[in-house]
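kindly return the folded structure for what I paste below:
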Amino acid sequence: MTRWNEDILLSVERMSMRFGGLLAVDDLSFNVGKGDITALIGPNGAGKTTVFNCITGFYKPTAGRITAHTLEGEKFLLERMDDFRIPKQAKVARTFQNIRLFGGMTVLENLMVGQHNPLMKASKFTFGGILGLSSYKEAEKQAIELAKYWMEKTGLTYRADDAAADLPYGEQRKLEIARAMCTRPKLLCLDEPAAGLNPRESEELNALLLHIRAEEDTGILLIEHDMNVVMEISDHIVVLDYGEKIADGTPEEVRNDPKVIAAYLGVSDEDVENVEQQIEQDVTGSGETEAPK
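Sure thing, here's the model as predicted:
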């Protein structure tokens, strides 16, 4: 939709991804706006994680272009970059559906690992750290302060010296997001961050993501099945079904889209018209339509 095009953080243009004879993503285009929370949703097998893997360099798309835009006016063609260069240069970070923390390291150490690149640069690639150069000491101090900041924002300060593996599941989720934010990203990609969380933890997650959007100058792209989370915090929603985009708009537009409702209900294409007629009847009768569950 054009209203996000004036201030684009990420643009995906006509991207396709094939695995042999399987077309996992077909001619997909959408934008992520600066300062927006954009949700990528759809039924299981719709191709959402494949899109994430293409954006973050784990896969190279079969066709199309993925461009990250910086505040300084730089552009990075992500499909041409090695995966380890994307967070460092294009400032795109991600978390995973299955949590990937360093379980034997403490909470603080995990957050320091998130700042590996600037610390290595300040140490002149280890020699500065060994010799105790002032530039490295200053960088280390700043890294600790940033880690303390994100421990405070995620409520993990009291667990700073605990091993990540000893944290409850919900706190591990928050730690993974905090570690990603320690890379100072301009775009944060979250793969099902609310998965496995109880209602209280989901509320805390919503508050954290809204803080990141409002205070950290970071756009968010998330995959999520929890429609309460999606509808409550998203500015923009893109819906996939069998690798194709079937909707792209605001939460209100998407929640009332017959194709979206049909996809979530498992209705065939031929029956979408019946779903649309049912929506019209519901609107006439009650004035509102429920979001797809």
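
CA only for contacts and neighbour counts going forward, please
OK.

which other helices and strands does the lengthiest helix in the chain contact?
Ordering each helix of the chain by length in residues (DSSP state H) puts helix 134-153 first. Packing partners of helix 134-153 (3 or more C-alpha pairs under 8 Å, 6 or more residues apart in numbering; DSSP states H and E): helix 107-113, helix 116-122, helix 127-131, helix 169-181.

mean pLDDT lowest for which of those?
For those, mean pLDDT drops lowest on helix 127-131, to a mean of 60.

quick one: residue 164 and residue 203, what's the gap?
Using C-alpha to C-alpha, to the nearest Å, residue 164 is found at 22 Å from residue 203.

ramachandran angles for residue 225?
Residue 225 adopts backbone torsions of phi -100, psi -20, taken as degrees, to the nearest 10.

tally of neighbours for it?
20 (other C-alpha atoms under 10 Å).

ok, back up a step: for residue 164 and residue 203, indicate the residue with more neighbours.
The neighbour comparison of residue 164 against residue 203 (other C-alpha under 10 Å) goes to residue 164, with 24 against 15.

mind pulling up the pLDDT for the closest residue to the more buried one other than its chain neighbours?
Leaving aside its sequence neighbours, residue 164 sits nearest to residue 103 (C-alpha to C-alpha, 6 or more residues apart in numbering; 4.7 Å). With respect to pLDDT, residue 103 scores 93.

how close does the closest residue to residue 118 other than its chain neighbours get to residue 115?
Leaving aside its sequence neighbours, residue 118 sits nearest to residue 139 (C-alpha to C-alpha, 6+ apart; 7.5 Å). Distance of residue 139 to residue 115, computed by C-alpha to C-alpha: 10 Å.

next: residue 170.
To residue 115, residue 170 is 23 Å away according to C-alpha to C-alpha.

tell me which of these two has more neighbours.
Each of residue 170 and residue 115 has its neighbours counted (other C-alpha under 10 Å); residue 115 has more, 24 against 19.

touching, that one and residue 142? I think so.
No: using C-alpha atoms under 8 Å, residue 115 is not in contact with residue 142, being 9.9 Å away.

about what we covered before: show me how far the longest helix of the chain is from its chain's centre.
Here helix 134-153 is found 24 Å from its chain centre; the criterion is C-alpha atoms, centre = their mean, to the nearest Å.

show me what residue 25 is bridged to.
Applying DSSP bridges to residue 25 gives these bridge partners: residue 17.

that one and residue 37: what is the separation?
In terms of C-alpha to C-alpha, residue 25 sits 22 Å off from residue 37.

what residue lies at the spatial centre of this structure?
residue 189 (2.1 Å; C-alpha atoms, centre = their mean).

where along the protein do the helices fall?
48-55, 85, 107-113, 116-122, 127-131, 134-153, 169-181, 199-215, 227-233, 251-255, 258-265, 272-286.

and residue 7, which of the ones you listed is closest to it?
With C-alpha to C-alpha as the measure, helix 199-215 is the member of the helices of the chain nearest residue 7 (14.6 Å).

between the closest one and helix 134-153, how many degrees?
130 degrees (axes from the mean of the first three to the mean of the last three C-alpha atoms, to 10 degrees).
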